[in-house]
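Visitor: Here is my input, please return the structure:
(one chain, ligands or ions: 1)
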Amino acid sequence: MSDAKAVEAALARYDSEKGKHLEDLIRLTRIPGVSFDGFDPAEVERSAVCTKGILEAAGFENVELMRIPGTHPYVYGDWLKRPGAPTVLLYAHHDVQPPMREEVWKSPAFEPTERDGRLFARGIADDKAGVLIHAASVASWLRTAGTLPVNVKVIIEGEEEIGSTHLGAFLEKYKERLRADTVVLTDCSNFDTGVPSLTTTLRGLISMDVTVTGLDHPLHSGMWGGPIPDPVQGLAKILAKLSDDNGRPAVPGILDDVKAPSAAEMEDYRKLGMTDAEFRKQAGIEPGVKLFAKDEGLLTRMWREPSISVNSIQAGGKKIAGNVIMDAAWARVGLRLVPNMDHAKATRMLKEFIENNCPWGLKVEVVPEQGANPWMTRPDHPVFAVAKQSLGRGYGRDAVLIGCGGTIPFVDSFTRVLGNIPALLVGIEDPYTNAHSENESLGLADFHAAVRSQIHFFADLAAASAADAGFWGGKKDLGRT
Ligand SMILES: [Zn+2]
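Guide: Now for the predicted structure:
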């Protein structure tokens, strides 16, 4: 069979079996594998076992659960029967975010439900679709040609949503087995529905718990109110100081390390044609609410500037609200970092700022979580051109280069440990996916296009690599700045 015929056969096979692959996706998504503390870890274990079964059925070999003490299992598999051909490492994660507010879901969070060409469920796009893209693309080749054009390894993580805390230990233990020429991370977003995209920058993230305490128990606000500072307003004053009038983080010096986008990057962002109206529609912003930037400036603010959010806040509760002065108030604060910022330095600065701005002698305790650095790559390795070509073929539309405001802690550590191999960040989310929020959904047309792209990619990469003796040499100067 010629190369072109083999690709056609694999694509046709996927087309005839896509219903079965979707059934696997639905089966996997029904498992509520939330990796956060306070959720049943047995469900993440079940999700790992289900993932293992899907990879085995697809034809991956040596499929196993990989474990590091103290965290949820990773799932590994490989197919390495093409000596001399490049080795591609495929990444996705099987753990999911908590479902948040049950009453806001239009259909049950863990019962995938189709509406208007999208499947709604927690984790279906982030990132269980990634698992199935890897399984379906490999299965479609092995069930037709009986072989793959390249070698593949697959790693499906179980703790991505809690910041990949044990990744360092994991890589230390398994880095030899994970060695590859390039990595495809299927956990990102397309610029818009139907627009295939390669992500070249990621923001980093630091988060901290802030607790303000003033009393050893709540007090009657009538009998005691007046002379006593209110811890809830104390916390509110701290939080109000975190940003300036234009929404930028107001911690002194926090912007000093920010690396501005190059002229070429600004031009890439401008060409994407973002408008205020489109942005408002995608994000679901109420009329009258101000935006802190305009047009392509919106993208620069999201991708190339740090941003601060109060993720959650608590003092008493709506159902038990009484006429009291609360004893304490709590908030979780998150700061997204951009290229050239360092998570340890930013954590120190934000923590000190909060501690120094607590009013009235109230007690403030700040507990930072594990931080993650930002990441960027220069897409000048020839593997990027191959990926753009394959995405174009799979989606029937030219691929674009974009940034991403989100964080994948895995990418920075992983590409560095594996010798700064080129990282292709693709994915199946779009602006309407609502990942991490309620009513998360997967666009089915894009899911099928993503599988088709990856079927092409295996063949396109093998061909480009075979045609150019210098393909893997000399240009591996990627990695973080
Ligand atoms: Zn994800």
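Visitor: Next up, identify which helix or strand V183 is on.
Guide: Following DSSP states H and E, one finds V183 within strand 182-186.
Visitor: That strand pairs with which strands, parallel or anti?
Guide: Under the criterion DSSP bridges, strand 182-186 sits next to strand 87-93 (parallel), strand 423-426 (parallel) in its sheet.
Visitor: residues contacting the residue of the stretch 251-400 of the chain found nearest the ion?
Guide: In the stretch 251-400 of the chain, the residue found nearest to the ion is A372; the distance is 13.0 Å by Cβ to the ion. No exception for glycine: its C-beta is placed from N, CA and C like everyone else's. If you count contacts by Cβ atoms under 8 Å, 6 or more residues apart in numbering, A372 has them with 163-164, 204-206, 343, 407, 409, 412.
Visitor: at 10 Å instead, please
Guide: Listed by Cβ atoms under 10 Å, 6 or more residues apart in numbering, the contact set of A372 reads 163-165, 167, 202-207, 336-337, 343, 407-413.
Visitor: How about A328?
Guide: Under the criterion of Cβ under 10 Å, 6+ apart, the contact list for A328 reads 211-218, 231-232, 234-235, 314-316, 362-363, 365.
Visitor: G316 versus that one, what's the distance?
Guide: As defined by Cβ to Cβ, to the nearest Å, A328 lies at a distance of 10 Å from G316.
Visitor: Get me the contact residues on the chain for the ion.
Guide: Where proximity means Cβ under 5 Å from the ion, the interface of the chain facing the ion comprises 126-127, 187.
Visitor: Turn those residues into a markdown table, columns for pLDDT.
Guide: Written out in a markdown table, the entries for those read as follows (pLDDT from 0 to 100):
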| residue | pLDDT |
| --- | --- |
| D126 | 96 |
| D127 | 97 |
| D187 | 94 |
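Visitor: Name the nearest residue to whatever residue of the stretch 201-350 of the chain ends up closest to the ion, sequence neighbours excluded.
Guide: Evaluated by Cβ to the ion, the stretch 201-350 of the chain has L202 as its residue closest to the ion, separated by 11.6 Å. Take L202 and drop its neighbours on the chain: the residue closest to it by Cβ to Cβ, 6 or more residues apart in numbering is W375, 4.5 Å away.
Visitor: Surely the one you found and C188 touch.
Guide: No. Under the criterion of Cβ atoms under 10 Å, W375 is not in contact with C188, lying 11.6 Å apart.
Visitor: Which positions in the helix or strand hosting S390 come out as buried?
Guide: Secondary structure assignment for S390, by DSSP H and E: helix 382-395. Residues 382-384, 386-391, 393-395 are the ones in helix 382-395 that count as buried (16 or more other Cβ atoms under 10 Å).
Visitor: Just the CA atoms of the next helix or strand after it, as PDB, please.
Guide: Following helix 382-395 in sequence order, the next helix or strand is strand 400-404 (DSSP H and E). The C-alpha coordinates for strand 400-404 follow below in PDB (Å, rounded to 0.1, in the frame of the first residue of the first chain):
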ATOM      1  CA  VAL A 400      -2.700  29.400  13.600                       C
ATOM      2  CA  LEU A 401      -0.100  30.100  16.300                       C
ATOM      3  CA  ILE A 402      -1.600  31.300  19.500                       C
ATOM      4  CA  GLY A 403      -0.700  31.900  23.200                       C
ATOM      5  CA  CYS A 404      -2.700  30.500  26.100                       C
END
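Visitor: what about T144, which SS state?
Guide: For T144, the assignment made with DSSP: H, G, I helix; E, B strand; the rest coil gives coil.
Visitor: Apart from its neighbours in sequence, what residue is nearest it?
Guide: In this structure, T144 finds its nearest non-sequential neighbour in A9, 4.1 Å apart by Cβ to Cβ, 6+ apart.
Visitor: which ones are touching that neighbour?
Guide: For A9, the contacting residues are 1, 140-141, 143-145, 455, taking Cβ under 10 Å, 6+ apart as the criterion.
Visitor: show me where pLDDT drops low in the protein?
Guide: Counting by pLDDT under 70, the chain contains low-confidence residues at 1, 474-481.
Visitor: Using TSV, lay out the residues of the chain next to the ion together with neighbour count and distance to V195.
Guide: As requested, these are exported to TSV (neighbours: other Cβ atoms under 10 Å; distance: Cβ to Cβ, whole Å):
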residue	neighbour count	distance to V195
D126	28	18
D127	29	19
D187	26	17
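Visitor: Please name the nearest non-neighbouring residue to the residue of the stretch 151-300 of the chain found nearest the ion.
Guide: The ion sits closest to D187 of the stretch 151-300 of the chain, with a gap of 4.2 Å, by Cβ to the ion. Taking Cβ to Cβ, 6+ apart, and ignoring the residues beside it in sequence, D187 has D127 as its nearest neighbour in space, at 4.7 Å.
Visitor: just to revisit the earlier point, winner for burial among the strands paired with strand 182-186?
Guide: Among these, ranked by average contacts under mean count of other Cβ atoms under 10 Å, first place goes to strand 423-426 (a mean of 26).
Visitor: I figured the residue of the stretch 201-350 of the chain closest to the ion hits F414, correct?
Guide: No. With contacts defined as Cβ under 10 Å, L202 does not count as touching F414, sitting 12.0 Å away.
Visitor: sorry, back to before: just checking, the residue nearest to D187 touches H94?
Guide: Yes. The pair D127 and H94 qualifies as a contact (Cβ under 10 Å) at a distance of 7.5 Å.
Visitor: so what sits against both of the two?
Guide: Where contact means Cβ under 10 Å, 6+ apart, the residues bridging D127 and H94 through contact with each are 156-157, 160.
Visitor: Now do the helices in this structure.
Guide: Assigned helices in the chain, in chain order: 3-29, 41-58, 129-142, 167-178, 231-240, 263-271, 276-283, 296-304, 343-356, 382-395, 409-417, 444-467 (criterion: DSSP state H).
Visitor: what angle sits between the longest one and helix 444-467?
Guide: Between helix 3-29 and helix 444-467, the angle comes out at 140 degrees (axes from the mean of the first three to the mean of the last three Cα atoms, to 10 degrees).
Visitor: tell me the angle of helix 3-29 relative to helix 129-142?
Guide: Going by the same axes, to 10 degrees, helix 3-29 is angled at 140 degrees with respect to helix 129-142.
Visitor: go on, the shortest one?
Guide: Orientation note: helix 276-283 sits at an angle of 90 degrees relative to helix 129-142 (the same axes, to 10 degrees).
Visitor: what's near enough to touch the nearest residue to P196 once chain neighbours are set aside?
Guide: Using Cβ to Cβ, 6+ apart and skipping residues adjacent in sequence, the residue nearest P196 is L391, 3.7 Å away. If a contact means Cβ under 10 Å, 6+ apart, then L391 has 190, 195-198, 397-400, 424, 426, 449-450, 452-454, 456-457, 460 as its contacts.
Visitor: same thing but 7 Å
Guide: Under the criterion of Cβ atoms under 7 Å, 6 or more residues apart in numbering, the neighbours of L391 are 196, 399, 453.
Visitor: Pick out whichever of the contacts of A9 sits closest to V131.
Guide: Distances from the contacts of A9 to V131 were compared by Cβ to Cβ; the smallest belongs to S140, at 15.1 Å.
Visitor: sorry, back to before: and the residue of the stretch 151-300 of the chain closest to the ion, how far from L299?
Guide: Taking Cβ to Cβ, one finds D187 at 20 Å from L299.
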